[in-house]
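A.B. asks: Mind looking at a prediction? Sequence and model below.
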Amino acid sequence: MTDLLSRLLGERPWLLADGATGTNLYNMGLAPGAAPDLWCETHPDRVRELHRQMIGAGADLILTNSFGANASRLRLAGASDRVASLNLAAARLAREAVAEAGRPVVVAGSMGPTGEIMAPMGRMTEAEATRLFTEQAEALKQGGADLLWIETISAAEEMRAAARAAQIVDLPWCGMMSFEPGGRSVMGVSPPQLAKLIDRLPHPPVAYGANCGTGPAELLLAVAGFSAAGCERALIAKPNAGVPRYQDGGLIYDAGPEVMAEFAVLARDLGVRIVGGCCGTTPAHLSAMREALQSRPRGPRPTADAISARIGALMTDR
Ligand SMILES: [Zn+2]
């Protein structure tokens, strides 16, 4: 039996993943510093509405509002005993929005890092991280997630722990790391090292890549490192809409819809199969990406210089 994402990847040259969850929920009234995951129970209507907007903007895959809903992260909000109910609610809300879509849309169960530094540098062991991720994954599966979306990871040990959780609950998964401007994750993992790690896993992902980070150009340069590593697996690129700055009491990201549209076209031409946006990516950004992917013909594989120049030109125009 083939999972929905693998089936869609077999049918189409590219798929559009959704935009931001957290930053869009802040725009919908979530208090700064509050845990977005809690809204699955306190404001289900607004979470469902964000999913609807992303589907309306053309998303083929949406992320559940559960990025920080592991027991370690939820402890900060005094909610570490609510992992099961919050993740169940997160997956159900996404399923409800998808049921109205009238076309196939993948429900990807978002799982972010534990927030603790992994041993031996930190105190989070791989076994404990596996236990935390498994608890979350189990509830996402029960709520109807098609797969697990393991994202913004920076340590190899944490990626392995989350992958193991996917294997234990028997769900397909996708894995992404977040890379710094120097081209490595905070914990020092390079894109080719991630590609190698992924290839050695006993339960490999459907697709893998990079998300979040410092902007679309930097993320694409990291993704070019995956293809250079010769990995055959489908690639994902889901960058932040640039860098945030404060304006009128809120956070504004400096990459507008036209920049993210250019990014989407460059990513596709680079061979990326799943294109989306992370922090700062609104439904308006996503609509522009969809429109560009559909209307602009496929071009040659862009060089690193072309990526920097084409995105840079649009950024300085703003
Ligand atoms: Zn992000």
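C.D. replies: Yep, that arrived.

A.B. asks: my read: residue 185 touches residue 177, true?
C.D. replies: Yes. Assessed by C-beta atoms under 8 Å, residue 185 is found in contact with residue 177 at 5.0 Å. The C-beta positions use only the backbone N, C-alpha and C, and glycine is treated the same way.

A.B. asks: Which residues are in contact with residue 18?
C.D. replies: Counting by C-beta atoms under 8 Å, 6 or more residues apart in numbering, residue 18 makes contact with 51, 54, 59, 61-63, 276-277, 281, 286.

A.B. asks: got a markdown table for those residues, with distance to residue 214, pLDDT and neighbour count too?
C.D. replies: As requested, these are exported to a markdown table (distance: C-beta to C-beta, whole Å; pLDDT from 0 to 100; neighbours: other C-beta atoms under 10 Å):
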| residue | distance to residue 214 | pLDDT | neighbour count |
| --- | --- | --- | --- |
| 51 | 27 | 98 | 27 |
| 54 | 23 | 98 | 30 |
| 59 | 23 | 98 | 27 |
| 61 | 23 | 98 | 28 |
| 62 | 24 | 98 | 28 |
| 63 | 20 | 98 | 29 |
| 276 | 16 | 98 | 31 |
| 277 | 14 | 98 | 30 |
| 281 | 14 | 97 | 30 |
| 286 | 20 | 98 | 28 |
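
A.B. asks: More neighbours: residue 185 and residue 177, which one.
C.D. replies: residue 177 (31 against 25; other C-beta atoms under 10 Å).

A.B. asks: Residues contacting the lowest-mean-pLDDT helix or strand in the chain, please?
C.D. replies: Lowest by mean pLDDT, DSSP states H and E among the helices and strands of the chain is strand 250-253, with a mean of 83. Identification of contacts with strand 250-253 by C-beta under 8 Å, 6+ apart yields 23, 26-27, 240-246, 279-281.

A.B. asks: coming back round to it: shared neighbours, residue 185 and residue 177?
C.D. replies: Here residue 185 and residue 177 have 153-154, 194 as joint contacts, going by C-beta under 8 Å, 6+ apart.

A.B. asks: quick one: which of the residues you listed sit in strands?
C.D. replies: Of the positions in the shared contacts of residue 185 and residue 177, residue 153 sit in strands, assigned by DSSP state E.

A.B. asks: could you pick out which of the shared contacts of residue 185 and residue 177 are near the ion?
C.D. replies: Among the shared contacts of residue 185 and residue 177, not one lies near the ion by C-beta under 5 Å from the ion.

A.B. asks: Can you name the residues that contact residue 7?
C.D. replies: Here residue 7 is in contact with no residue (C-beta under 8 Å, 6+ apart).

A.B. asks: sorry, back to before: make JSON lines from the shared contacts of residue 185 and residue 177 and add pLDDT and neighbour count to it.
C.D. replies: Listed next are the shared contacts of residue 185 and residue 177 as JSON lines, based on pLDDT from 0 to 100; neighbours: other C-beta atoms under 10 Å:
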{"residue": "153", "pLDDT": "98", "neighbour count": "28"}
{"residue": "154", "pLDDT": "97", "neighbour count": "20"}
{"residue": "194", "pLDDT": "95", "neighbour count": "27"}
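
A.B. asks: Out of the contacts of residue 18, list just those in strands.
C.D. replies: Reading strands off the contacts of residue 18 with DSSP E, I get 61-63.

A.B. asks: need the residues of the stretch 151-300 of the chain near the ion, please.
C.D. replies: 212, 240, 278-279.

A.B. asks: pLDDT score for the one residue in the stretch 51-200 of the chain that gets nearest to the ion?
C.D. replies: With C-beta to the ion as the measure, residue 152 is the residue of the stretch 51-200 of the chain nearest to the ion, at 6.5 Å. pLDDT recorded at residue 152 is 98.

A.B. asks: List the contacts of the helix or strand harbouring residue 265.
C.D. replies: Assigned by DSSP states H and E, residue 265 belongs to helix 257-270. Helix 257-270 has contacts (C-beta under 8 Å, 6+ apart) with 13-14, 16, 216-217, 220, 223-224, 227, 237, 239, 241-242, 255, 275, 277, 281-282, 284-289, 291-293, 296, 298-302, 306-307, 310-311, 314-315, 318.

A.B. asks: Kindly report the same for stretch 9-16.
C.D. replies: 2, 5, 8, 58-61, 106, 206-207, 234, 264, 268, 272-276, 286, 289-290, 293, 298.

A.B. asks: So which of these sit within helices?
C.D. replies: 5, 8, 264, 268, 286, 289-290, 293 (DSSP state H).

A.B. asks: what's around the nearest residue to residue 167 once chain neighbours are set aside, how many residues?
C.D. replies: Residue nearest to residue 167 in three dimensions, not counting chain neighbours: residue 203, with 3.6 Å by C-beta to C-beta, 6 or more residues apart in numbering. Using other C-beta under 10 Å, residue 203 has 14 other residues around it.
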